[in-house]
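from the sequence below, what's the structure:
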Amino acid sequence: MTTEQSDAAGGRAGSASRPATGDTPPDATPDVGGGTDTATPPGGSGADGGTATDSEGGAPVDKAGANGRADTGGKAGRDDEAGTASRAEPSKAEIAIAGTDGKARTDSRARTGEQAEAGDEAGDPWTAFGPAPDPVLTRPRRAVRAVGRFLVHEWTLAAVASLALAVLMTWPTLRYPRYTLPQDYWDPSLQSWQLAWSGHILLTDPGQLWSSNTFFPEPWSFAFSDTLLGYAPAGMIGVGPEDALLRYNIMFVLAHALATFGAYALARQLGAGRIGGAVAGASYAYAPWLLAQAGHLHILSNGGIPLALAMLARGHGWSLRHGYRPRRRHAGWAFAGWLVAAWQLSLGFGIGLPFAYLLAGVVLVSAVVWFVRRRRVKRPFGRRLFLADLLGGLVFAAVGAALAVPYFKVAELHPNAARTLGDIQLYSPPASGFFTAPAESRIWGALHEGARAALPWHPEMTLLPGFVLYALAAGGLFFSVWRVRHRLFLLAGVLVTMALAMGTRFLDGRFTYVPLFEHLPGWNGLRTPGRMMLWTTLLLGLLAAGAVTAFCARVRELAAERVPPWPGPWLRLATLVPLLLVVVEGLNVTPHPVVPRQPAVMRTVDGPMLVLPSSQNLDQPVMLWSTDRFQRMVNGGSGFTPDSQAQAREATVSFPDFASVDYLRRRGVKNVVVLRDRLGGTPWEGMLDRPIDGLGVTREEVGDAVVYRL
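Just a heads-up that it's a prediction; the model follows:
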């Protein structure tokens, strides 16, 4: 092998992206022929083939080659610090193998038999350092690998963790899901019926959705309260009261899981770390004040709010920590965010209406930004993103309008359904409510008993989001990954939503709640200002997420100073302390009473019917019992009492007599069911002892009930 051949081969090898062999890692120093060859990485001092080191004689040919450093500004020295070595003069075996790889090959016509023979001799030990070829995966193996990647993905783990936490934090909801309900069996029975009715009627006669089987003969009766219509697909599975209870309890747990996951996704999208996001999710779903709302599934079903905001922020390439990044825009995520927002609105206007106005405000601000920047930046939002927002916004507006029509009809037909400022004042909490926990709180319930006694209506006035959350959010004002101006914006949001939650208790509401009540369409239907605490809790969680993320970053810095640079068990545990404290403060002692069993008569009697005794609370289990056949009935419970129902209850106190029977016949009622075991202490007590002679009425006993057929 001539000197010219060696130089040519070395030059080609040095110009490649790898050492001459193409297979040897930079820090590998294989022993070939009793000597050691080292090579500099690309861009080092070996641009012309490398600086050789004569290992056999032990004397360096070049001082820079011996030190692994070049004389040109220390560039090769930096490469050496990165774990590479200087390039040695290639041997004949290297040239042959490099030619075989096609990485530093010479002209095949210039090879000699001596070179090929040398390659055969030295090829086996040298190629042992070459990478193994990538296996060709079959379709089943590719599927298994894809499933494996999905199972260990962050969002899969977050969803599973949210679900597991929901099961634990709501226990014993799923212990006897066919027989018990959380908190009480009044409003939860009503909402169990709502889920069942929406699924049943959409499968059988969708045109009659809003004219439910209750409150006969009132139209639009399904809109007498929040409908939870978004859960209708679940209502299509199962029939009867037991299935209705099972369905409700499952959705109760899933609502908590979605709230945790949604707030986690929002915090992560805005720039928080994983543990910070977990703190935001847990504090949002398990804030102590929400324990008083355990019987209101439409309030607990709030996870779509942060999830939709997270999707919209992701679609627009925006985060709180990194600002606007146009390259991260994704029209699909934006459109999906609008769909989730529309679904959230379909669960009820109680919390959906403020969310709708928030989105309207965001759209207005975005339109102003577009108008200002339209001359400086062409299509600042992008054409596809603009179309996604336009279509998504139209879907959201269409869903909102379609759902609002029945409620406007109800307001028109039933003026007594409208709320007044007197109602708002009755449910407006004082400032002390922000530091008072409900009785269902395991940690603070007993300790705050005296504070609750001072509140006029403590179920809607115990608004403690958590003392741990307060502390973390306060720390987030001074130590956080968010910018200072963003912290101030979050703080302003907390103060504004707190003022709104106080209703007329803050400056008589003249500059906060009252203007919204008087001027925003639909706002006068919200009678409990304290539920605005939902937004306060979310904003406090984001402040806390910023503080926890900064804390975790500091822990990693401390861990990096250790030898070895790995966090010890105490440091790792320290990062989880805020999350553990938030979860512990959300523990509950919510009761799970057994729901009264369905009387057998409810499975046989046809409608239209009236079940006595009747009242707001007594009628809600009756609604649940009707989920076998959904026969029409005068009974029903909602946020208000229609005049016709109040008249029916008053007219039947003397039943059976001529006046009451005549009234019911004119209303179209054909059967009256009297439940013996529920008459005690009601205005209908003793009615079973009254005669029916001359009334044209028959009487029949069915189990513990008596049926009067008109």
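
list the buried residues in stretch 323-337.
Of all the residues in stretch 323-337, those buried under the rule 16 or more other Cβ atoms under 10 Å are 329-331, 333-337. Quick note: C-beta positions are derived from backbone N, CA and C, even for glycine.

and the strands in the stretch 251-400 of the chain?
318-319, 323-324 (DSSP state E, counting those that start in this stretch).

hang on, the earlier thing: now render the buried residues of stretch 323-337 as CSV, adding pLDDT and distance to residue 584.
Below are those laid out as CSV (pLDDT from 0 to 100; distance: Cβ to Cβ, whole Å):
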residue, pLDDT, distance to residue 584
329, 90, 40
330, 93, 38
331, 94, 42
333, 96, 34
334, 96, 37
335, 97, 39
336, 97, 34
337, 97, 33
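
so which of the residues you listed sit within helices?
By the criterion of DSSP state H, membership of the buried residues of stretch 323-337 in helices covers 331, 333-337.

where does the residue nearest to residue 697 when sequence neighbours are not counted land in three-state SS?
Excluding its sequence neighbours, the residue lying closest to residue 697 (Cβ to Cβ, 6 or more residues apart in numbering) is residue 708, at 5.4 Å. Using DSSP: H, G, I helix; E, B strand; the rest coil, the structure places residue 708 in strand.

show me what residue 708 is bridged to.
Beta-bridge partners of residue 708, counted by DSSP bridges, are residue 672, residue 699.

turn the ones in helices among the buried residues of stretch 323-337 into a markdown table, columns for distance to residue 421.
Shown next, in a markdown table, are these (distance: Cβ to Cβ, whole Å):
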| residue | distance to residue 421 |
| --- | --- |
| 331 | 44 |
| 333 | 41 |
| 334 | 39 |
| 335 | 40 |
| 336 | 39 |
| 337 | 35 |
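
how about low-confidence regions in this protein?
1-133, 374-380, 565-568 (pLDDT under 70).

can you tell me the centre-most residue of it?
residue 262 (1.7 Å; Cα atoms, centre = their mean).

contacting residues for the nearest residue to that residue once chain neighbours are set aside?
Among residues not flanking residue 262 along the chain, residue 307 sits closest, at 3.5 Å (Cβ to Cβ, 6+ apart). Going by Cβ atoms under 8 Å, 6 or more residues apart in numbering, residue 307 touches 258, 261-262, 265-266, 340.

what of residue 270?
Counting by Cβ under 8 Å, 6+ apart, residue 270 touches 313, 319-321, 542, 545.

can we see that at 7 Å?
Contact analysis of residue 270 by Cβ atoms under 7 Å, 6 or more residues apart in numbering lists 313, 319-321, 542.

before we move on, what about residue 606?
Going by Cβ under 7 Å, 6+ apart, the list of residues near residue 606 reads 631, 670-671.

now do residue 439 against residue 546, distance only.
Going from residue 439 to residue 546 by Cβ to Cβ, to the nearest Å gives 32 Å.

of the two, who's got more company?
residue 546 (33 against 19; other Cβ atoms under 10 Å).

name the helix or strand for that one, please.
If you go by DSSP states H and E, residue 546 is part of helix 533-560.

and that helix, which residues are buried?
533-552, 555.

stretch 581-592 too?
Applying 16+ other Cβ under 10 Å to stretch 581-592 flags 581-583, 585-588, 590, 592 as buried.

before we move on, what about stretch 505-524?
For stretch 505-524, by 16+ other Cβ under 10 Å, it's 505-506, 509, 512-514, 516-517, 522-524.

sitting in helices, which of these do you find?
Among those, the members found in helices (DSSP H) are 513-514, 516-517.

and of those residues, the nearest to residue 445?
Distance to residue 445, by Cβ to Cβ, is smallest for residue 513 among these, at 28.3 Å.

quick one: contacts for that closest one?
Residue 513 neighbours (Cβ under 7 Å, 6+ apart): 424, 500, 503-504, 529.

could you do residue 464 as well?
Here residue 464 is in contact with 288-289, 434-437, 444 (Cβ under 7 Å, 6+ apart).

mind running it again at 6 Å?
288-289, 435-437 (Cβ atoms under 6 Å, 6 or more residues apart in numbering).
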